[in-house]
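Trainee: After the sequence you'll find the predicted model.
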Amino acid sequence: MALSLTSNHTGHATETCVHCSTALEITARFCGECGAPGRQRQSTSQNEHRTFAQSFAAHRTPGMMVQSADHATGVKTQLLQRAPQKTPNFAKPKNDVPQELKDELAKLIVLLARERLFLYMHCGIFLTANLFGFYVAMRCYNGFIGDEMSKLMMAMTPLLFINAIALACLAPIKGTKREIARLKEQLTYVKFQIEYRNVF
């Protein structure tokens, strides 16, 4: 080799050419004075990467993987052996739905359908009465021969009486809505009892 490795007084490693004794940097590939070639070296980082790769490969050997699998199998076997072999005392067989709950559920569904039918009927009566009142009022306004004030007074008579009577349908509509809400709440409670009957 044409170069030798030495250390100067500053603590940095240097190469000294054996031909011309010129001090060179450690990273120099050839001598700047005589042109003598340097040594091919690997950096410290490359050596560290190689050491890490070798240690990683050593940990992933088939023997270690087989030992890990055996250990996991042993732990699983121990857990299965510790599991209770008989049914716990708090576990109960799933019973069928009682006939009382079935009857109550069917009754609530029928009542809910009836109340909804009543609600639609009351709303229909309210709208029909209002439309009839407006129709009679328009006929009175257009059919009466007179001035505008007389026509307006003739039209207001059926509009006030017929539509005021139609407003009476608002009370049963409100009561029917309240009854539907109560039946829905009872229906939800019965469904809850059927679904979680083992808890009670």
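Mentor: Arrived safely, thanks for sending.

Trainee: use CA for all of it now, contacts and neighbours both
Mentor: OK.

Trainee: Spell out the residue ranges of the helices in this structure.
Mentor: 44-59, 62-82, 99-143, 148-166, 170-195 (DSSP state H).

Trainee: what mean pLDDT does the third one have?
Mentor: I take that to be helix 99-143. For helix 99-143, mean pLDDT rounds to 91.

Trainee: just checking, what packs against it?
Mentor: Packing partners of helix 99-143 (3 or more Cα pairs under 8 Å, 6 or more residues apart in numbering; DSSP states H and E): helix 148-166, helix 170-195.

Trainee: same check, this time on the fourth one
Mentor: When contacts are defined as 3+ Cα pairs under 8 Å, 6+ apart, helix 148-166 packs onto helix 99-143.

Trainee: Of the helices and strands packed on helix 99-143, which is nearest Lys107?
Mentor: helix 170-195 (9.5 Å; Cα to Cα).

Trainee: In the closest one, which residues are buried?
Mentor: Within helix 170-195, the residues that count as buried by 16 or more other Cα atoms under 10 Å are 173, 176, 179-180, 183, 187, 190, 194.

Trainee: re the thing from before, weakest of the helices and strands packed on helix 99-143 in terms of mean pLDDT?
Mentor: helix 148-166 (a mean of 83).

Trainee: Compute the inter-axis angle for it and helix 99-143.
Mentor: Interaxial angle of helix 148-166 relative to helix 99-143 (axes from the mean of the first three to the mean of the last three Cα atoms, to 10 degrees): 170 degrees.

Trainee: Just the CA trace of helix 148-166, in PDB.
Mentor: Only the C-alpha atoms of helix 148-166 are listed here, as PDB (Å, rounded to 0.1, in the frame of the first residue of the first chain):
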ATOM      1  CA  GLU A 148    -118.500  45.900  -1.600                       C
ATOM      2  CA  MET A 149    -119.300  46.400   2.000                       C
ATOM      3  CA  SER A 150    -122.500  44.400   1.700                       C
ATOM      4  CA  LYS A 151    -120.800  41.600  -0.200                       C
ATOM      5  CA  LEU A 152    -118.100  41.500   2.500                       C
ATOM      6  CA  MET A 153    -120.700  41.300   5.300                       C
ATOM      7  CA  MET A 154    -122.600  38.500   3.500                       C
ATOM      8  CA  ALA A 155    -119.300  36.500   3.000                       C
ATOM      9  CA  MET A 156    -118.200  36.900   6.600                       C
ATOM     10  CA  THR A 157    -121.400  35.300   8.000                       C
ATOM     11  CA  PRO A 158    -120.800  31.700   6.800                       C
ATOM     12  CA  LEU A 159    -117.000  32.200   7.100                       C
ATOM     13  CA  LEU A 160    -117.300  33.000  10.800                       C
ATOM     14  CA  PHE A 161    -119.900  30.400  11.800                       C
ATOM     15  CA  ILE A 162    -118.800  27.400   9.700                       C
ATOM     16  CA  ASN A 163    -115.100  27.900  10.300                       C
ATOM     17  CA  ALA A 164    -115.600  28.600  14.000                       C
ATOM     18  CA  ILE A 165    -117.500  25.300  14.300                       C
ATOM     19  CA  ALA A 166    -114.600  23.600  12.400                       C
END
